[in-house]
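Participant: fold the following.
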Amino acid sequence: MTPYWVDNFDPFLVRFGGDWGIRYYGLAYVAAFAAGSLMLRYLYRKGKSPLDGNAVSSVMLYLVIGVLIGGRLGYMLLYGWHTFVQNPLSIFMVWQGGMSSHGGFIGVAVACYFSAKKTNLSFWTVSDLLCVVAPVGLFLGRIANFINGELWGRVTTVPWAVIFPKSAPSGTPIELIVARHPSQLYEALLEGLL
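Facilitator: Residues are numbered from 1 along each chain as shown. From the prediction side, this is the model:
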């Protein structure tokens, strides 16, 4: 028995069998892109953005492609290089996990460049608008990280600490796993909401 809460969420909302199904992480991406699109349309209606509905659709298409390709490439180059070298097709095995915020950021920068070209706006105008909507994606992404039990914080004994089973070798009894800060929730609140 442990005095701390154990993060043992199932990463799937619905499982179709084995490792196939609808994951909360994927839903976070879909919800973030949808919310970003709605926010950009709202800003246009309020006269705060030069991006009309067609321009928002173009920008969102570039953004989705940039985030997904950049995030996956970043992960494979920074964290999965050995796997990628052994099996280059592993880059397409997204169901096994692996997205990098570093790569996603680079993908967003590239998307801003192409969006600016497409809309005849400056790179800085497009990037400023995306900075307004990005926190929603950061919030939802960090909540998904918490549900997945990944990117945990430092060891602590604060009352709200959480035990993340994935932070210890597989098979380690729960009572032997140290509690950690739920840094994903801190980041969701501070990077996302605040």
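Participant: for Phe16, which three-state class applies?
Facilitator: Secondary structure, DSSP: H, G, I helix; E, B strand; the rest coil: Phe16 is strand.
Participant: what about it, neighbour count?
Facilitator: Close neighbours of Phe16, defined as other C-beta atoms under 10 Å, add up to 9. C-beta: built from backbone N, CA, C; applies to glycine.
Participant: what's the helix or strand hosting Ala116 packed up against?
Facilitator: In the assignment (DSSP states H and E), Ala116 maps to helix 101-119. Judged by 3 or more C-beta pairs under 8 Å, 6 or more residues apart in numbering; DSSP states H and E, the packing partners of helix 101-119 are helix 53-78, helix 123-148.
Participant: so which of those is nearest Met93?
Facilitator: Met93 lies closest, by C-beta to C-beta, to one member of these: helix 53-78, at 9.7 Å.
Participant: how about the closest one, which residues are buried there?
Facilitator: With burial defined by 16 or more other C-beta atoms under 10 Å, the residues of helix 53-78 counted as buried are 55-56, 59-60, 62-64, 66-76.
Participant: give me the most central residue, the chain.
Facilitator: Geometric centre of the chain, nearest residue: Gly141, 3.6 Å, by C-alpha atoms, centre = their mean.
Participant: how near is it to Ser167?
Facilitator: As judged by C-beta to C-beta, to the nearest Å, Gly141 and Ser167 stand 19 Å apart.
Participant: same check on Val56?
Facilitator: Per C-beta to C-beta, Val56 is found 40 Å from Ser167.
Participant: count of residues packed around the residue lying closest to Gly36 once chain neighbours are set aside?
Facilitator: Residue nearest to Gly36 in three dimensions, not counting chain neighbours: Val133, with 4.1 Å by C-beta to C-beta, 6 or more residues apart in numbering. Look at Val133: counted by other C-beta under 10 Å, it has 20 neighbours.
Participant: one step back: can you tell me how far the residue nearest to the centre of the chain is from Glu150?
Facilitator: From Gly141 over to Glu150 (counting by C-beta to C-beta), the distance is 11 Å.
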